[in-house]
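Student: Prediction below, plus the sequence it came from.
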Amino acid sequence: MSQPFATTALALCGMAARTLGWRPHDFWSATPAELAAALGLSASGGATEGFDRQTLQRLMEHDHER
């Protein structure tokens with residue numbers, strides 16, 4: 001059986017907060033497609049082509065500059 005909407009939404013909100021630095025308002029204002037794009041996923045839920053360690057490091061450094 002799949003998880004209820006509230007459980008899934010809470011998990012996604014937490015992921016958006018940790019990964020993207022989004023506040024709850026940002027999460028609830030975003031469309032599913034915007035959230036998927038921000039997390040690097042396709043709108044259908046599948047992962048897009050990945051990126052290398054150097055790109056990940058650059059993104060993490062940029063995140064800490066805020």
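Tutor: Everything's here; your move. Numbers count the residues shown, from 1 in each chain.
Student: Surely Ala37 forms part of a helix?
Tutor: Yes: Ala37 forms part of a helix when assessed by DSSP: H, G, I helix; E, B strand; the rest coil.
Student: Can you report how many residues neighbour it?
Tutor: Neighbourhood size, Ala37 [other C-beta atoms under 10 Å]: 14. Glycine gets a C-beta too; all of them are placed from N, C-alpha and C.
Student: Next: Phe27.
Tutor: The burial count for Phe27: 19, using other C-beta under 10 Å.
Student: contacting residues around it?
Tutor: Applying C-beta atoms under 8 Å, 6 or more residues apart in numbering to Phe27 gives the contacts 12-13, 16-17, 35.
Student: Please save the CA atoms from the longest helix along the chain in CSV.
Tutor: For the chain, the helix with the greatest residue count under DSSP state H is helix 5-20. Provided in CSV are the C-alpha atoms of helix 5-20 (Å, rounded to 0.1, in the frame of the first residue of the first chain):
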residue,chain,number,x,y,z
PHE,A,5,-0.4,12.1,0.9
ALA,A,6,0.4,13.8,4.1
THR,A,7,3.3,11.5,4.9
THR,A,8,4.7,11.8,1.3
ALA,A,9,4.3,15.6,1.3
LEU,A,10,6.0,16.0,4.7
ALA,A,11,9.0,13.9,3.4
LEU,A,12,9.2,16.0,0.2
CYS,A,13,9.0,19.3,2.2
GLY,A,14,11.8,18.1,4.4
MET,A,15,13.9,17.1,1.4
ALA,A,16,13.3,20.5,-0.2
ALA,A,17,14.3,22.3,3.0
ARG,A,18,17.5,20.3,3.4
THR,A,19,18.5,20.0,-0.3
LEU,A,20,17.3,23.3,-1.7
